[in-house]
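Visitor: this one's sequence-less:
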């Protein structure tokens, strides 16, 4: 059984590598055909720029600044979203009364608030953290509310009949029921945090990867700009993969129950 599982893993890895190789080959062929603008770098130039960035102190400094703002905002969103989501989702009257506000907030483009936040805080790391936190809040909040609502009617009736204390009900019933949904919101918001952090840096010129992308574009160093874009995507993918792995380990009981 273990051998079969390992073979499947290696087969999946091979397919993914081949897919990436095919994409790069198509990219290079399209560039040779002249379809893309002349500023678009080829695969060789992009690989060279990625290698140069890895040995550059500027890159590591920009990456640290982006990660600091993204992770700080994400953690704030996770804490606030989880607490509010459990509270709203477990109190039916509160859930009904806030539904319009939740739907409006999740649909509102948070980046539209950036000029106001910049006016209050300036183009600083604190401003970037606030915008990231506001953007990441809604996936965590909405998923947590869904999880808190998930309790089956039989469980709710049992809790009410036996008058289980609130603390025990929270620890043994509400939290286990909501945890898989919370984990999904946390994973989604983690990827959003990187995207928003880079976007904020591009628009506000706050220090980080986004600012380096803009500077590379202004200097017409398109290969460097694409290299920084590559690293932004790679960081987001890595964080999502790590969280998915952790979720599989921590919530193994939930996946077994679904199977």
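Guide: Nice, I can see it. Nothing here was measured: the structure is a model prediction, and the numbers come from that model.
Visitor: any idea of the mean pLDDT for stretch 49-68?
Guide: Mean pLDDT, stretch 49-68: 89.
Visitor: Ok, stretch 77-84 next?
Guide: Rounded mean pLDDT across stretch 77-84 is 92.
Visitor: How many residues are close by residue 214?
Guide: For residue 214, the neighbour count with other C-beta atoms under 10 Å is 16. Glycine gets a C-beta too; all of them are placed from N, C-alpha and C.
Visitor: Now do it against residue 50, distance only.
Guide: The spacing between residue 214 and residue 50, counted by C-beta to C-beta, to the nearest Å, is 18 Å.
Visitor: Same question for residue 118.
Guide: From residue 118 to residue 50 the distance is 31 Å (C-beta to C-beta).
Visitor: same deal with residue 88?
Guide: 44 Å.
Visitor: Between the two, point out the one with more neighbours.
Guide: residue 88 (23 against 18).
Visitor: where does that one fall, helix, sheet strand or coil?
Guide: helix (DSSP: H, G, I helix; E, B strand; the rest coil).
Visitor: Tell me where the stretch 51-200 of the chain has helices.
Guide: Taking DSSP state H, counting those that start in this stretch as the criterion, the stretch 51-200 of the chain carries its helices at 57-90, 92-107, 114-121, 125-149, 153-161, 166-169, 175-204.
Visitor: Point out the most buried one among the ones you listed.
Guide: Highest mean neighbour count of those: helix 125-149, a mean of 23 (counted as mean count of other C-beta atoms under 10 Å).
Visitor: Return the distance of that helix from the chain's centre.
Guide: 10 Å (C-alpha atoms, centre = their mean, to the nearest Å).
Visitor: and residue 247, how many neighbours?
Guide: 19.
Visitor: How much space separates it from residue 27?
Guide: Taken as C-beta to C-beta, the span from residue 247 to residue 27 is 32 Å.
Visitor: and if you look at residue 249?
Guide: For residue 249 relative to residue 27 (C-beta to C-beta), the value is 36 Å.
Visitor: So between the two, which is more surrounded?
Guide: Using other C-beta under 10 Å as the criterion, residue 249 and residue 27 rank with residue 27 on top: 16 against 8.
Visitor: Is that one within a helix or a strand, and which one?
Guide: Applying DSSP states H and E as the criterion places residue 27 in helix 2-33.
Visitor: how about whichever strand or helix holds residue 243: buried residues?
Guide: Element membership of residue 243 [criterion: DSSP H and E] is helix 222-250. Buried residues in helix 222-250, counting neighbours by 16 or more other C-beta atoms under 10 Å, are found at 222-229, 231-232, 235-236, 239, 243, 247.
Visitor: could you give the angle of it to helix 57-90?
Guide: Interaxial angle of helix 222-250 relative to helix 57-90 (axes from the mean of the first three to the mean of the last three C-alpha atoms, to 10 degrees): 40 degrees.
Visitor: Against which helices or strands is helix 222-250 packed?
Guide: With contacts taken as 3 or more C-beta pairs under 8 Å, 6 or more residues apart in numbering; DSSP states H and E, helix 222-250 sits against helix 43-54, helix 57-90, helix 175-204, helix 209-218.
Visitor: closest one to residue 96 among those helices?
Guide: helix 57-90 (9.7 Å; C-beta to C-beta).
Visitor: Does the closest one pack against any helices or strands, and if so which?
Guide: Against helix 57-90 (3+ C-beta pairs under 8 Å, 6+ apart) you get helix 92-107, helix 125-149, helix 175-204, helix 209-218, helix 222-250.
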